[in-house]
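Asks: give me a 3D structure for the following:
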Amino acid sequence: MKNVNKGNLIVSTLIVVSAISLNAQAPPMTMTVAGFPDGGQVPVKYSQAAPGVATGEGLSPAITWTNVPAGTQSFVLNMHDMDVARNKTTDDQAHWIVWNIPGTATGLPEGVPKGAKLADGSYQFSATGQMYRGPGAPANGPQHHYMFELFALDTKLDVQPGADAFETRANVMKALQGHVLGKAVYGGLFKRPQ
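Replies: Numbers count the residues shown, from 1 in each chain. Sure, this is the predicted structure:
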């Protein structure tokens, strides 16, 4: 029979239990885009193919998020078409970049109005201009993958809209480096109806 030092065993057990407690994390930030499940088909309603929608425009869907990290001061939303290679670069299509969304926000409403600066103090831009650009993949090709990325930041960004959406998006993405507290993603598929 082995002689076990119970005092050391209790201390070792407490260290293991404490380490497990320290590794317990808050639930991850999640995002939901109204009208379709994550990875599902984006409804025509939110696309450039909706009746009466001008080329490069569209009706933005309602977006909500939960489990915001403590200390969040602002959010950045980046919507892009991952299937477009712009000008033979790794740049993809900028469908909607919204930054300096207040840290107290829990989402964006359907139909965000056009304009560089929104009522809550945030800014927006897309390849079309200062507005949401709905999905618009052609009917004669494959479905495109549209990704919504939400970043929770520990600061507001000192970024003004630039000359175009691609320069602006690059400036926003550079400015948020070192400030990301959490990230959520949500994807949708779309191509124009035949």
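
Asks: can you show me the strands along the protein?
Replies: Remark: strands assigned in the chain by DSSP state E are 30-33, 40-41, 63-66, 74-81, 93-102, 107-108, 123-125, 144-153, 180-190.

Asks: which of those strands sits closest to P161?
Replies: With C-beta to C-beta as the criterion, P161 lies closest to strand 123-125 of those, at 5.5 Å. C-beta coordinates here come from the backbone N, C-alpha and C atoms, glycine included.

Asks: by mean pLDDT, flag the weakest helix or strand of this protein.
Replies: In the chain, no helix or strand scores lower on mean pLDDT, DSSP states H and E than helix 6-23, which sits at a mean of 46.

Asks: next up, the contacts around G136.
Replies: Each residue near G136 by C-beta atoms under 8 Å, 6 or more residues apart in numbering is listed here: 47-49, 55-56, 58, 190, 192.

Asks: what pLDDT does the model give it?
Replies: On the pLDDT scale, G136 is placed at 95.

Asks: A24 now?
Replies: Note for A24: predicted pLDDT of 62.

Asks: next: P51.
Replies: For P51, the pLDDT comes out at 96.

Asks: likewise the one 4 residues further on?
Replies: In the prediction, the pLDDT value recorded for T55 is 93.

Asks: touching, it and Q48? I think so.
Replies: Yes - taking contacts as C-beta atoms under 8 Å, T55 lies within contact range of Q48: 6.3 Å.

Asks: wait, A105 sits on F75?
Replies: Yes - counting by C-beta under 8 Å, F75 is a contact partner of A105 at 6.4 Å.

Asks: the more surrounded of the two?
Replies: F75 (27 against 15; other C-beta atoms under 10 Å).

Asks: quick check, the more buried one in contact with G103.
Replies: Yes - the criterion here is C-beta under 8 Å, and F75 meets it with G103 at 7.0 Å.

Asks: find residues that contact each of these two.
Replies: Shared contacts of F75 and G103 (C-beta under 8 Å, 6+ apart): 152-153.

Asks: between T55 and Q48, which has more neighbouring residues?
Replies: Neighbours per residue (other C-beta under 10 Å) separate T55 from Q48, with Q48 holding more: 20 against 9.

Asks: quick check: chain neighbours aside, which residue is closest to that one?
Replies: G136 (3.7 Å; C-beta to C-beta, 6 or more residues apart in numbering).

Asks: now the one you found: how far from R169?
Replies: Relative to R169, G136 is positioned 18 Å away (C-beta to C-beta, to the nearest Å).
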